[in-house]
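**Q** Give me a model of this one.
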Amino acid sequence: MPKFITVKKTEQEQQQAARYLKNSLVYSSALIGLISLILGYGGVIYLIFKSRPLTQLLTDSLILLSAGLVAGLVQAGYQHYLYKTHPEYFADRMRRAELRLSRQLKKLGDPVRVDHWGRWAVPYLYLVGWAAFLALIVVYLSKLNVVSVVFLPLAGFFNARFFYLKRFVKK
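**A** Predicted structure coming up:
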């Protein structure tokens with residue numbers, strides 16, 4: 001009988017984790033990715049009308065978009081790994097979000113900690129990602145306008161996250 005309860009609890013955590021991913025990550029990534037794509041390529045279209053070389057503009061915009069895609073795939077891959085190996089982490093975040101709305105967050109206690117090999121490197125990898133994003137902005141500010149330079153990598157990042165996470169989160 002205890003195995004049945006454990007399996008039931010694991011399935012419930014898996015469902016809560018999938019619901020959290022779908023509601024908090026997939027939907028928000030789709031919206032932010034779409035807005036960023038429109039703004040980023042809107043800036044490129046503005047530069048086309050200012051008579052800039054089209055091939056150079058498209059090359060630069062694709063490089064920015066690709067850099068965001070790579071970063072988005074890396075982060076979505078890590079979130080997928082957490083979803084498969086530690087669904088209790090996302091289930092706890094879903095429970096906390098629901099209790100935050102009803103102002104009963106004190107009942108839960110401490111948040112679930114994820115412990116896996118390489119966990120120590122995750123904050124440093126996020127810092128490297130932010131530093132690369134800022135370096136990309138500095139390099140491409142002389143070639144494109146600010147709107148394109150900021151929003152094209154963001155569009156790639158959020159769209160990659162959306163399409164990657166959408167594949168394994170059930171409807």
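
**Q** okay, and the helix or strand of the chain with the least pLDDT?
**A** The least trusted helix or strand in the chain, going by mean pLDDT, DSSP states H and E, turns out to be helix 2-20, with a mean of 73.

**Q** In three-state terms, label Arg52 for me.
**A** Put simply, Arg52 is coil when judged by DSSP: H, G, I helix; E, B strand; the rest coil.

**Q** list the contacts for it?
**A** Residues in contact with Arg52, defined by C-beta atoms under 8 Å, 6 or more residues apart in numbering, are absent; none qualify. In this view, the C-beta of every residue, glycine as well, is placed from N, C-alpha and C.

**Q** quick one: pLDDT of it?
**A** At Arg52, the model reports a pLDDT of 79.

**Q** how close does it get to Tyr126?
**A** 34 Å (C-beta to C-beta, to the nearest Å).

**Q** Please apply the same query to Leu73.
**A** Applying C-beta to C-beta, the value for Leu73 to Tyr126 is 15 Å.

**Q** measure the most centrally placed residue in the chain to Val146 for me?
**A** For the chain, the residue nearest the mean C-alpha position is Arg161 (4.9 Å; C-alpha atoms, centre = their mean). Distance, Arg161 to Val146, by C-beta to C-beta: 23 Å.

**Q** Pull the number of nearby residues for the closest residue to Gly72 other than its chain neighbours.
**A** Spatially, and ignoring its direct neighbours in sequence, Gly72 is nearest to Ala160 (2.9 Å; C-beta to C-beta, 6 or more residues apart in numbering). Residue crowding around Ala160 was assessed by other C-beta atoms under 10 Å; the count is 24.

**Q** so how far is Ala30 from Ala160?
**A** Separation of Ala160 from Ala30 (C-beta to C-beta): 12 Å.

**Q** Please enumerate the helices of the protein.
**A** Secondary structure of the chain, counting by DSSP state H: helices at 2-20, 27-49, 54-85, 87-101, 122-140, 146-168.

**Q** Contact partners for Phe168?
**A** Phe168 touches 80, 83, counting by C-beta under 8 Å, 6+ apart.
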